[in-house]
Every structure is written in structure tokens, then in C-alpha cells.
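Novice: Compute the structure for the input listed below.
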Amino acid sequence: MALLPAGVTVVTVADGRDDVGATVTAFGSVSADPPIVSVSVDSEGYMAEVIGEAGAFAVNVLGAGQRVLAGRFSAEGRPSARLLVTDQPHHRGELTRAIVLDEALAALECSVRQRLEVGDHTVFLADVVGLPGVRGGGPALVRRAGRYHSLD
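Specialist: Reported below is the predicted structural model:
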């Protein structure tokens with residue numbers, strides 16, 4: 001599967017105590033009407049626990065110029081998402097209070113509708129409840145064969 005290019009996103013959650021975020025490539029559209037997306041994360045990881053507890057999250061679709069940011073959110077032992085974006089323009093989603101990156105190509109606020117345990121991952125099916133304004137542009141960031149690439 002590593003040879004199949006995948007869009008790179010940063011998923012963020014406001015869990016009441018702090019902000020949590022992770023780079024996620026297992027993200028996709030499930031339904032256009034109503035708008036439903038899927039996000040898949042490691043079942044043993046903190047993201048699965050926090051998304052399950054909060055029941056809501058934001059998805060930030062990254063552009064090619066945001067490779068460093070993708071790396072920050074994928075690093076082991078990373079600090080709070082709030083600290084990872086101190087040098088990035090951002091705001092909070094109106095509905096989820098999760099961090100939204102102002103320079104993302106697109107952003108979605110999502111509410112969990114269903115949780116599925118599949119192998120070693122948890123798949124969250126979520127309703128898109130908001131489309132926060134962002135101003136990113138240019139090519140998309142994708143991951144293929146373990147490396148980031150620009151996709152025009």
C-alpha cells in the first residue's frame with residue numbers, strides 16, 4: 001500500500017485538557033450526500049483514544065509547502081498540537097474547537113458517527129459539520145513509498 005500515493009492531512013482534536021494532533025494519510029470521502037469522511041488511526045495510539053472521547057475533530061489537508069508541519073505532527077513523543085503550530089497561522093473551528101491551519105488547502109470539522117475496530121486500526125466515520133475558511137493554495141502534499149511528494 002505504500003506505493004499508492006495518499007493525501008497528507010493533519011487531524012486535530014481539542015480534548016478539554018489540551019490539543020492533540022497527528023499526521024494522517026488514511027483519510028477519505030465516504031459519502032457526498034450527506035458528507036461523510038473516514039479517518040483511520042492506530043488503535044493503540046493516543047489519537048484513537050482522544051477522538052473516541054471527544055467525538056469530534058478537524059481535518060487539515062496539507063499543501064506541498066507544509067512538509068515540515070507534516071513531519072512535526074508525525075514525530076514520536078511530539079508535544080501538544082498547540083505548541084507545534086505556534087509559528088503557523090491558525091484558529092479554532094467554531095463547532096469542534098479543534099485547531100484549523102489557516103494555510104491548509106482545505107479544512108473540515110467532523111463529528112464521529114461510527115467507530116470501527118479493523119485489524120490494528122480504528123476507523124472513524126464522521127459527518128462533516130463545518131468547512132472552516134482557509135487560504136492555502138498550490139499543489140497538494142502526498143505520501144508515497146515513505147516519502148513526501150508534491151502533486152500538481
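Novice: So what touches the top strand by length along the chain?
Specialist: Longest strand in the chain, counting residues (DSSP state E): strand 106-118. Strand 106-118 is contacted from outside by 36-37, 39-40, 43, 51-52, 55-61, 93-96, 98, 100-101, 122-134, 136, using Cβ atoms under 8 Å, 6 or more residues apart in numbering. (Glycine included, C-beta is placed from N, CA and C.)
Novice: Please find the angle between the direction vectors of the helix or strand that it is followed by and strand 106-118.
Specialist: Sequence order places strand 121-130 as the next helix or strand after strand 106-118, per DSSP states H and E. On the basis of axes from the mean of the first three to the mean of the last three Cα atoms, to 10 degrees, strand 121-130 is oriented at 150 degrees to strand 106-118.
Novice: tell me what strand 121-130 is packed against?
Specialist: Under the contact criterion of 3 or more Cβ pairs under 8 Å, 6 or more residues apart in numbering; DSSP states H and E, strand 121-130 touches strand 35-42, helix 46-54, strand 56-61, strand 106-118.
Novice: Going by neighbour count, list what's buried in it.
Specialist: Within strand 121-130, the residues that count as buried by 16 or more other Cβ atoms under 10 Å are 121, 122, 123, 124, 125, 126, 127, 128, 130.
Novice: Having no further points to raise, I will conclude here.
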